[in-house]
Every structure is written in C-alpha cells, then in structure tokens.
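Asker: Give me a model of this one.
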Amino acid sequence: MRAADSLPRLAAALIAASCVVLAAPAAAVAVPAWQAPVTISPAGETGFVPEVAVDPGGDAVAVWAANGPIEAAARPPGACFARPERISSTGTFNGYPQVALDSGGNALAVWLGSRGEIQAAVRPAGESFGPVEMIPEPGERPSVPDVAVNPKGDAVVVWVGGSGVRAAARPAGGTFAPPQTISAPVQYIFSLQVAIDPAGSALAVWQRQNGTDSRVEAAARPAGGSFGAVQTLSGPDQRPGPPPVSPQVALDSHGNGIAVWDRFDGGADQMQAAFRPAGGSFGAPQTIPDPVPGFVNGPGPSLGVDS
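Answerer: Below is the predicted model:
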C-alpha cells in the first residue's frame, strides 16, 4: 500500500509492470533478472497514482486512477497481467486508490470517491472485483486513504476527515464498521499510514502540523477493539512550512511495532525511529546514525519488518 498524503504525487501517465525471469549463468544458482516492462492500462488511456500489492504466493493486483474511474488488473503467479477491469462506480472523479492482499490472494481496494466518500471493493482470489461498498462520511471531506490487510483478511482503512484522523475496520469476509475518529482536528495532517498484524491489532501514524510546529503522532487498536489515545512520538520539527517528515509504520507477526520518520533539528535532517512492544506504548525516539548528515532530498524513509 503502499499504500496517503494530502498532496499526493502524480505517477507516470501509463502504468508499467515487470515480470521476473531466471537467467542461467555459469554458476549453479540461477540469478533473477527483470524483463522489459509491459503496459497494463488500456491503450490511449492516462493512468495516475498506481499501487500494487503481492501476496506470499506471488499473486499481484495493481490499481490506478484513469481520468474518472478506478481500474485494476490482476496477475497470477508466473503469468502476466490480465485485462484491466473498472472497479469504481461512475462519477466525475475517483482517485488515489490503495490495494492490499491477504495470504490467500483476496484483494481489498479503497479509494476516494467522486462524491467525497471513501469507497472500497473486494476481489476474491482468481475472480473479479465485486460491488462497491461505501464508507459514509457526511460532511467530513475525506482525504487520501490508506489500507492494511493481514494474512487472514482483517482490514483497517484510515483517512483524514474534517474532524481529524478517521478509521474503519473490516473483519475477514465481513463489512466495514462505522468510522471512528482517532485524533483531534488540527490545521494539517499529512502522511497517514496504517499497519495490521496477523491477530488484527493495528497501528496508525501521521504527521500533525498546528501552524507553529510539526510532530509525529500515533494511535493503536487492539484486535476487535477501537483505537486508543493518541501518543506523540517526535519532538517538534523546526523547518518552516509543511515539512517532509513522512512517517512510516510496520508491525511484526507478534504485534511489535516500529515507526520511522525524518526530523529537521534546525541544522540537519535526522532519521528517527521509535519502538512499541506488543500491547504497550512507544518508547523514546532514537536517532539513526547518518554517515553523511545533511538535508533529506526525497520522499522520506521507507520501512520493512519481517515476521
């Protein structure tokens, strides 16, 4: 999911995908190599903000915005992407899709709907996407969503509404519960991210700016429960304007969480991280040593955690 800022970047006009093949060098072990990219969006169509998800078995699903509708294409293991399908309802604007897969290849896609609501659709493994499900947000004006799905199919979606950070959970095979507000309203919220572990516990992080400074905040949700109190993870960021703090979050299979972000201390950018044991709270942030300190010129950190 890849998967959510207030000012998201535009991706390339056409969506490309690559397959992996095995070359046969002189050595006994085969070395993987990239094939040439292939276009998977319809010819002559402009595609924006693509996202892709892959399950442990190699199934892949890509989604993108296509000048109005949201489209998707699936790829079974070892094969190529199938013909794209339209998964959104009709409307003048549907945008910023996100997608995630469970361990069985079932996909959940979410996006910002044309009427200012969060929409979702489910694709059972090997089939097409089903009907659109609305997550109603009357008067909230939601922003770009993010979604996380665990191996058994439990899901959590987060977005920013007029009342603050919002979230809705969906048990495997079920429907979304009513949304919950998990933060107080502030001037700006950026870089909202969510993660979920195999038991269904979730962590959400975001960057909060109140007009004077910017900080990283987080909230946790136990499996089957609601998000709890917001915890501030970082000190104030000292750069002017909306800073590229770009927090990221991940959970391992035991429910331990970690968040990383970029913080400017007045002289240089620092990569910082905080750890949260399962069922506990985040500890004090730690600065990740940088052999070449200075300014971060890019989208910010990325994070990966194994089981």
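Asker: burial of the closest residue to residue 111 other than its chain neighbours, as a residue count?
Answerer: In space, and not counting its chain neighbours, residue 111 is closest to residue 97: 4.0 Å by Cβ to Cβ, 6 or more residues apart in numbering. Any C-beta I mention is one placed from the backbone N, CA and C, and that applies to glycine too. Residue 97 has 30 neighbouring residues, counting by other Cβ atoms under 10 Å.
Asker: And residue 273, by the same measure?
Answerer: 19.
Asker: now swap in residue 126 and tell me
Answerer: Neighbour count of residue 126, defined by other Cβ under 10 Å: 11.
Asker: check which helix or strand covers it.
Answerer: Secondary structure assignment for residue 126, by DSSP states H and E: no helix or strand.
Asker: Tell me the backbone dihedrals of residue 31, please.
Answerer: Main-chain dihedrals, residue 31, degrees, to the nearest 10: phi -110, psi 120.
Asker: Residue 175 and residue 70, how far apart?
Answerer: Residue 175 is 19 Å from residue 70, where distance means Cβ to Cβ, to the nearest Å.
Asker: err, residue 304, not the other one
Answerer: In terms of Cβ to Cβ, residue 304 sits 27 Å off from residue 70.
Asker: Which one of these two is surrounded by more residues?
Answerer: residue 70 (30 against 6).
Asker: Tell me the spatial nearest neighbour of the more buried one, not counting adjacent residues.
Answerer: residue 88 is the one closest to residue 70 (Cβ to Cβ, 6+ apart), at 3.8 Å.
Asker: thought that neighbour was touching residue 94?
Answerer: Yes - shown here, residue 88 and residue 94 form a contact pair, counting by Cβ atoms under 8 Å, at 4.4 Å.
Asker: shared neighbours of the two, anything?
Answerer: 69, 70, 111, 113, 114, 119 (Cβ atoms under 8 Å, 6 or more residues apart in numbering).
Asker: Looking at those, which are in strands?
Answerer: 70, 111, 119 (DSSP state E).
Asker: so what's residue 112 scoring on pLDDT?
Answerer: We have a pLDDT of 91 for residue 112.
Asker: ok now do it, which residues does it touch?
Answerer: 94, 95, 96, 118, 119, 142, 143, 144, 145, 159.
Asker: buried subset of the residues you listed?
Answerer: 94, 95, 96, 118, 119, 142, 143, 144, 145, 159 (16 or more other Cβ atoms under 10 Å).
Asker: what bits of the protein have low per-residue confidence?
Answerer: Low-confidence segments of the chain (pLDDT under 70): 1-28, 90-92, 137-140, 237-245, 265-268, 291-300.
Asker: Helix, strand, or coil at residue 220?
Answerer: When classified by DSSP: H, G, I helix; E, B strand; the rest coil, residue 220 comes out as strand.
Asker: excluding its backbone neighbours, what's nearest residue 209?
Answerer: residue 188 (4.2 Å).
Asker: and if you look at residue 228?
Answerer: residue 220 (5.6 Å).
Asker: For that neighbour, list each beta-bridge partner.
Answerer: residue 203 (DSSP bridges).
Asker: quick one: residue 261 from residue 275, how far?
Answerer: Separation of residue 261 from residue 275 (Cβ to Cβ) stands at 13 Å.
Asker: can you give me the strands for the stretch 151-300 of the chain?
Answerer: Secondary structure of the stretch 151-300 of the chain (DSSP state E, counting those that start in this stretch): strands at 155-161, 164-170, 180-181, 188-196, 202-209, 214-221, 231-232, 248-251, 257-264, 269-276, 286-288.
Asker: My read is that residue 258 contacts residue 249, right?
Answerer: Yes - contact status for residue 258 versus residue 249: in contact at 7.3 Å, counting by Cβ under 8 Å.
Asker: okay, and the common contacts of the two?
Answerer: Contacts common to residue 258 and residue 249, judged by Cβ under 8 Å, 6+ apart, are residue 303.
Asker: Which one's more surrounded, the two?
Answerer: Ranked by neighbour count (other Cβ under 10 Å), residue 258 and residue 249 place residue 249 first, with 27 against 18.
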